[in-house]
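Peer 1: When you get a sec, could you give me coordinates for this:
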Amino acid sequence: MIAMTLLLATLAQQPPAPQPFPRTGTQEPARPPAPAPAPPPSQPPSSAPAAPAPTAPSSAVPGESQLGVALYPGAQFLASYDAGRGQRYFLFGTTASFVDVVTFYRTTLKQRGDLVFDAPATHQFDLGRFREETMAFPPSVTVKEFRSQVSEGYPNPRPNAQPSRFPTVIQIVPLTTP
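Peer 2: Numbering: from 1, shown residues only. Reported below is the predicted structural model:
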């Protein structure tokens, strides 16, 4: 009888649900030690260029000559990121409406572009041909609406800067020459 009770109690206990993300105040599981670094090569390094290391967001404001496209008037530079394969992409915020920014780029680039998503509204204009073997992203201008029923807009990364949120964000991936 006691054995049966213990067996039922053991079977009734459910294992805890798996937790995919560490929670605040919990300790991360131990990670296996990193492999030992390889010994230095006995031959001098070749003249092949090394792959660029991933970099943190840059705060250097690019000019239109670097972007290869006109910038929406009044757009504020937010950041640039290493996209890999020698490309960077640049983010700009604007207080203008999504429709106004899309209309500006339709006129400036003399193309309709493509509405990629209805919600959140995202419109893309191609700047050149995408080459999968040498590019991480297609050269393009992407306009995204960030203001919605659930969001007041893209937060300004600069503390206490105005505006505090941008309703529309522009991402530019310049056309790089091989």
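Peer 1: For burial, what's the neighbour tally of Gln76?
Peer 2: 17 (other Cβ atoms under 10 Å). Yep, even glycine has a C-beta here, placed from its N, CA and C like the rest.
Peer 1: which SS class is the nearest residue to it once chain neighbours are set aside?
Peer 2: Distances taken as Cβ to Cβ, 6 or more residues apart in numbering put Gly93 closest to Gln76, at 5.2 Å, once the chain neighbours are dropped. Applying DSSP: H, G, I helix; E, B strand; the rest coil to Gly93 yields a three-state assignment of strand.
Peer 1: neighbours around Gly93, how many?
Peer 2: 25.
Peer 1: I'd like the distance between it and Asp114.
Peer 2: Using Cβ to Cβ, to the nearest Å, we find Gly93 at a distance of 22 Å from Asp114.
Peer 1: Next: Glu133.
Peer 2: 23 Å.
Peer 1: swap in Pro163?
Peer 2: For Pro163, the distance to Asp114 - Cβ to Cβ - is 28 Å.
Peer 1: do Val143 as well
Peer 2: Taking Cβ to Cβ, one finds Val143 at 11 Å from Asp114.
Peer 1: Over to Thr108?
Peer 2: 16 Å.
Peer 1: all helices in the chain, in order from the N-terminus.
Peer 2: Ranges of helices in the chain, per DSSP state H, are 2-12, 64-67, 98-109.
Peer 1: Could I have the CA atoms of the second one written out in PDB?
Peer 2: Extracted in PDB, the C-alpha atoms of helix 64-67 (Å, rounded to 0.1, in the frame of the first residue of the first chain):
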ATOM      1  CA  GLU A  64      24.500  61.300 -50.300                       C
ATOM      2  CA  SER A  65      27.600  60.500 -52.300                       C
ATOM      3  CA  GLN A  66      28.300  57.500 -50.000                       C
ATOM      4  CA  LEU A  67      24.700  56.400 -50.000                       C
END
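Peer 1: What count of nearby residues applies to Arg147?
Peer 2: Applying other Cβ under 10 Å, we find 17 other residues in the vicinity of Arg147.
Peer 1: ok, it - contacts?
Peer 2: With contacts taken as Cβ atoms under 8 Å, 6 or more residues apart in numbering, Arg147 has the following neighbours: Gly153, Arg165, Pro167, Thr168.
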